[in-house]
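A.B. asks: need a 3D model of the sequence below.
(chains A and B)
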Amino acid sequence: MKNISTHWSFITKNISPSLLAAVGVGFICLFTLFVQPIRGVADNGDFFRVAYSNGLYYFPNYDSNYFGYFVSKYGILNDYNENGTLIFTSQSLIIRLAILLNKLLYSHTIFDIRFQAGIYVVLLMVGVFLLVEAVTFRVERFKGYLIAIIAMLIFADSAYTEYFNSLYGESLMYVSIVLIAASCLLIYRNRYPFWFTTSLYYISSLFFITSKQQNAPLALILGAIGLIFLFVYKKRVQFWLIISASLLLSMTGLAGFSLISDQFKDINQYQAMSRGVLLHAKSPEGALDAFSMNRQYALLKGTTYYQEYTSIGVASSSLQKNFYTKYGFVSIASYYLTHMNQLADLLNLAARDWLQVRPTYLGNFERSSGYKFGSHTSFFSLYSYFCQWAVPRKFGFFVFWSFSLLGLYFPSFLDALRGKRQGNLLLRYILVGGFLIMELFATLTSLIGDGDADVAKYLFLFPITFSCLFFMALSDLISGHLFRNHELRVSMPKPLSYPTSRERSVGGNQR
Amino acid sequence: MRQRVIVFAALIVLMLGTMPPFVSRAASRLTVHKDVLILTDKTVKTSFLDSAVQLVSEYALSHKLPVRIRQLGDFNLNQLNQYHDIVYIQNGSTSVKKKNQFYVAIKRSSVKFLQIGGGVPDAFARFYHLRLVSYPSLTGQLSIGHHSSGMDITMSATHFIQNGVGEKTGVLKNTGERTLYTGIVSSNKNFAYLSELDDNDEQDAVAVETLGTWLHCREKDDGKIFLTLKDITPFSDYRQLTDIAQALYKQGIPYIAVVQPVTANFNSAAMTRYAQQLYFLQSHGASIIVGAPFVYRVDVNDHQLLKQLMKEFVDQLIANHVAPLGFSSPNYWLFDEGYREESLNHFHVFLPQSNLPPLMWRRVASTAQPVTSLIVTIPLKEALTSSIQTYYSTPPINYGLTISVNQLNTAKRIESFVNQLKNSNLSFNDLSHDPMSATTYQHEIQSDGWHVTIDDQSVTNQPYRHWQISRSEQIKKKTDGSRNVIIVFFTLILFVFLILLVIGRYIYIRKYLRR
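C.D. replies: Numbers count the residues shown, from 1 in each chain, chains lettered A, B, ... in the order given. Prediction:
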């Protein structure tokens, strides 16, 4: 008995819950992404822009893998890359770093995508470490370990991590949202110094909004959340740094928005009509009348911009002249305002795919693995399967979820408002509200701007912010801080020292 | 007895000698001709962006000759003798060593050889009695047979024939009274040379003449001229299409309508309207040819999606009594097994269009088998404004003179277009008049002398239905339901009113009259 107690003491002293969670996530990712059969996500045709912009090229017969098999090896262009930059994304920085590592350690001609996965895994481990640290700091050890295990189940789920073995921007979105949540909660707990937590927040936000062009408008929300830091850090230098960083973030978002290419605009506009307005209209021709458009365009109902075969080119001058010029984001938004039933149908349709993280039409294995074309992995997918099984696929659930969360955290928010010099404590509620607004904003802009096309991929933001909030709520429930705030850490951190359950019962709890 | 045998043998020899030449040529072609091999400097996939490759392949295929295309750099010269007709198109750079080896191998072999563009080694030129001369460009009058341009044209070819032994297929009289040639075929037809093809249709005509003479095909076919309207899509302006059709119908000008297929929502009202509009065109002199859908991306695992879509579209056309007589797609589809299997092979007539980048290959094949009937497409404007317009009045191959309906978007333009056709020397043929029989996606389509049948049911005898009439019928159907409600409503009111009237009268009588 004494031995068990000694071992437990040794473990609690040397392995913190955050370390356990980070190492656990790394270990699971090792099996998911690096050990045969390795998992990834097959190309749906989007990789081209990212790959060729960063000096990678496809090997022969690559085409036969589209949608069904993911490819782990790419050629490295060692001569002049005539493709130039086809897309502006922060993802390029990660890919270039991965290529550099690949050249140093593996080959100058063949790129193994696992080098990229390695970088993302390290970033995720850091993110999970900080997130778990924020929610388990000064929490009873046993409860801390329980939270660490939950973190492993949620954040190492292969439905999320398999994106690391692909060239989709979702990998970077995932990692940066975890880091954003972690940095906000660390500020809320007054853990780690100003420069570290705020830098982490702004850099992660910058990576997030530039990871995909559709994230650019969310820069305004992230910039606004950043402004709440002003209630926490009150020195003059800190004030100006926060103001400048938030402004820079918002400006980058706007710049990113303006850099969206004409082709992307066309894609979104086309699908906003074909997969949005026309899709659920009782009379597609009547809907076209509302836009004063040729009724024959009802033939585009349900089609996507990427359709393999079409009557005329989606970028043809005929469509440019008679179709794209006839409507825009504003006219579609006002159409939905007058056709709320149709919007409700679309929102419910989006809700159907909200937690469908793993696209059903994209395979997870390599051709050499022997798996069938388009096969999916079930390895370490308990959390994603649970979400799909348990979470109702209706927009009403989102409303319920939002009000529940805001209601649960409201007492602690009120408490923070009443408290003096405790600006940190506001931040948890702001983070919850910010993430919920981001979910709603992303859903609405995606539906109005792009219809339901690729909704599962475009709404990837929903499951990752949902997971962060779900994890936060669950850990606060376990640690008993759902209705009350955590205690503030006033002084600078010392080497980690966690109270054991015994110490806590004696008087470790400082509240 | 011996004398009888000698006389009999002499008679047979005499008979064979006096037989029409095309019989012996046809017979010899069947036994001797293999694929026409096109060698290019570019890779096979990109060679199709070269107009010469397109022209040679279309010409050979329209004469039922299979075509194979290979890159010279990858070609094994030991295989030369496996081919009878070899066309080398200089459209890029191949290593000098390989080129020299190639010319030596050609000289040693017994193959028939045609080169298009570029220079040839001196020894090779001497061997074939050919002298080439280089100019950046030349201006002069070009004659093709008895057709002359009659006016100066500028040739941007860089190699011209100064002298050579054989039949000159293109004669360029330079403004300085200097005579050069743009095409030549040796007397034994074993060797031919053609200056580079540039953007003028005159040199294209020289190329067709050269190919005809070199391949012995020239007098085989009498070509026909077809007027072709393209860019007819489900989203076109139907009023404008109606105006064009009526204007052409009034002037008795038959035409081919290349119509873009619908690829989704086949059972919608919009599809029906489109099919009815096509029926209107068909009943006003149009022969319907289905255009290739636009290919945005290629997915090799799409489970014959193209075939399914084309079949659905054809089914819809046939349900509306529209007979698709042929198919039109970019030329490179001829060399792609995927496209051939799923679309092209299901039609009788094929109209190749120009290859515009990017080429969306599915299963590239180096060989193309002949299609049943091929119509070479050229822009109508070129034919109408050509200095050798007379050439197109009796062409050696079938030509589809093409114009986009988008260019005829005003009443004035339509009128001017029809007048231009009327005043030209061209006489347009009706495709549906040509005998044909094809199984198009399980439907038997036959035509002969303007009588078109689909699955043994005559199309031309179908009652004429104007789409507007049909549309008004649809509106009528829609309003029928609401009318019934109103009728029932009024009947009920009338009924209630009658009852109230009877009751009122009864009360009135009881109250006043009984007193």
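A.B. asks: which residues of the chain score low on pLDDT?
C.D. replies: Here I'm looking at chain A. For chain A, the stretches flagged by pLDDT under 70 are A:1-2, A:80-87, A:420-421, A:454-458, A:488-511.
A.B. asks: oops, I was thinking of chain B
C.D. replies: B:1-34, B:176-177, B:218-221, B:450, B:460-487, B:489, B:511-515.
A.B. asks: pick out the residue nearest the middle of it.
C.D. replies: The structure's chain B has its C-alpha centroid closest to B:L351; by C-alpha atoms, centre = their mean the separation is 1.8 Å.
A.B. asks: can you list the residues of chain B near chain A?
C.D. replies: B:231, B:233-235, B:260-265, B:268-271, B:273-274, B:293-302, B:305-306, B:309, B:406 (C-beta under 8 Å from any C-beta of the partner chain). In this view, the C-beta of every residue, glycine as well, is placed from N, C-alpha and C.
A.B. asks: quick one: residues contacting the residue in chain B positioned nearest to chain A.
C.D. replies: Closest residue of chain B to chain A, C-beta to the nearest C-beta: B:P293 (3.9 Å). Neighbour list for B:P293: A:309-311, B:260-261, B:263, B:306, B:309-310 [criterion: C-beta atoms under 8 Å, 6 or more residues apart in numbering or on different chains].
A.B. asks: try 7 Å
C.D. replies: Counting by C-beta atoms under 7 Å, 6 or more residues apart in numbering or on different chains, B:P293 touches A:309-311, B:261, B:263, B:309.
A.B. asks: among the residues of chain B next to chain A, which lie within helices?
C.D. replies: Among the residues of chain B next to chain A, the residues falling in helices (DSSP state H) are B:269-271, B:273-274, B:305-306, B:309.
A.B. asks: distance to B:N174 and neighbour count added to the contacts of B:P293, as a markdown table?
C.D. replies: Listed next are the contacts of B:P293 as a markdown table, based on distance: C-beta to C-beta, whole Å; neighbours: other C-beta atoms under 10 Å in any protein chain shown:
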| residue | distance to B:N174 | neighbour count |
| --- | --- | --- |
| A:Y309 | 50 | 20 |
| A:T310 | 49 | 25 |
| A:S311 | 49 | 25 |
| B:P261 | 49 | 27 |
| B:T263 | 52 | 25 |
| B:L309 | 53 | 21 |
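A.B. asks: closest to A:Y174 out of those residues?
C.D. replies: Minimum distance to A:Y174 across the contacts of B:P293 is 33.3 Å, recorded for A:T310 (C-beta to C-beta).
A.B. asks: returning to what we had before: any quick PyMOL command for the buried ones out of the residues of chain B next to chain A?
C.D. replies: Burial among those is assessed by 16 or more other C-beta atoms under 10 Å in any protein chain shown; the matching PyMOL selection reads:
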select buried, chain B and resi 231+233+234+235+260+261+262+263+264+265+268+269+270+271+273+274+293+294+295+296+298+299+302+306+309+406
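A.B. asks: what is the neighbour count of residue 136?
C.D. replies: In the absence of a named chain, chain A is used. 27 (other C-beta atoms under 10 Å in any protein chain shown).
A.B. asks: try chain B instead
C.D. replies: Quick note: B:P136 (other C-beta under 10 Å) scores 7 neighbours.
A.B. asks: what about it, distance to B:Q389?
C.D. replies: Distance check for B:P136 against B:Q389: by C-beta to C-beta, to the nearest Å, it reads 28 Å.
A.B. asks: equivalent analysis for B:V259, please.
C.D. replies: Distance, B:V259 to B:Q389, by C-beta to C-beta: 28 Å.
A.B. asks: equivalent analysis for A:Y69, please.
C.D. replies: 57 Å.
A.B. asks: neighbour-wise, which of those two wins?
C.D. replies: A:Y69 (25 against 18).
A.B. asks: which residues does that one contact?
C.D. replies: A:42, A:363, A:365-367, A:373.
A.B. asks: give me every residue that touches the nearest residue to A:L185 once chain neighbours are set aside.
C.D. replies: Closest residue to A:L185 apart from its sequence neighbours, by C-beta to C-beta, 6 or more residues apart in numbering or on different chains: A:A134 at 3.5 Å. If you count contacts by C-beta under 7 Å, 6+ apart, A:A134 has them with A:182, A:185-186, A:189, A:191.
A.B. asks: for A:A134, what is the enclosing helix or strand?
C.D. replies: A:A134 belongs to helix A:114-136 when assigned by DSSP states H and E.
A.B. asks: give the next helix or strand downstream of that helix.
C.D. replies: Past helix A:114-136, the next helix or strand by DSSP H and E is helix A:141-155.
A.B. asks: list the buried ones in that following helix?
C.D. replies: A:141, A:143-148, A:150-155.
A.B. asks: remind me what that helix packs against, helices and strands.
C.D. replies: Applying 3 or more C-beta pairs under 7 Å, 6 or more residues apart in numbering or on different chains; DSSP states H and E, we find helix A:141-155 packed against helix A:17-29, helix A:114-136, helix A:382-390, helix A:461-479.
A.B. asks: if we use 10 Å, what do you get?
C.D. replies: If contacts are counted by 3 or more C-beta pairs under 10 Å, 6 or more residues apart in numbering or on different chains; DSSP states H and E, helix A:141-155 sits against helix A:2-14, helix A:17-29, helix A:114-136, helix A:170-188, helix A:382-390, helix A:461-479, helix A:501-503.
A.B. asks: mind exporting the C-alpha coordinates of the next helix or strand after that helix to CSV?
C.D. replies: As assigned by DSSP H and E, the chain's next helix or strand after helix A:141-155 is helix A:158-161. The C-alpha trace of helix A:158-161 is given here as CSV (Å, rounded to 0.1, in the frame of the first residue of the first chain):
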residue,chain,number,x,y,z
SER,A,158,-7.7,10.6,-35.9
ALA,A,159,-10.6,12.4,-37.6
TYR,A,160,-8.7,15.6,-36.9
THR,A,161,-5.1,14.4,-36.9
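A.B. asks: helices or strands up against helix A:158-161?
C.D. replies: Using 3+ C-beta pairs under 10 Å, 6+ apart as the contact test, the elements touching helix A:158-161 are helix A:17-29, helix A:114-136, helix A:170-188, helix A:382-390, helix A:461-479.
A.B. asks: ok, 8 Å please
C.D. replies: helix A:114-136, helix A:382-390, helix A:461-479 (3 or more C-beta pairs under 8 Å, 6 or more residues apart in numbering or on different chains; DSSP states H and E).
A.B. asks: ranking those helices by burial, who's on top?
C.D. replies: Each of the helices and strands packed on helix A:158-161 was scored by mean neighbour count; the highest is helix A:114-136, a mean of 23, by mean count of other C-beta atoms under 10 Å in any protein chain shown.
A.B. asks: coming back round to it: who wins for proximity to B:I38 among the helices and strands packed on helix A:141-155?
C.D. replies: Across these, closest to B:I38 is helix A:114-136 (C-beta to C-beta), at 44.1 Å.
A.B. asks: got the angle for that closest one vs helix A:141-155?
C.D. replies: Relative orientation of helix A:114-136 versus helix A:141-155 (axes from the mean of the first three to the mean of the last three C-alpha atoms, to 10 degrees): 140 degrees.
A.B. asks: gap between the two ends of stretch A:285-295?
C.D. replies: 5 Å (C-alpha to C-alpha, to the nearest Å).
A.B. asks: list the buried residues in it.
C.D. replies: Quick answer for stretch A:285-295 (16+ other C-beta under 10 Å): A:285, A:287-288, A:291, A:293-295.
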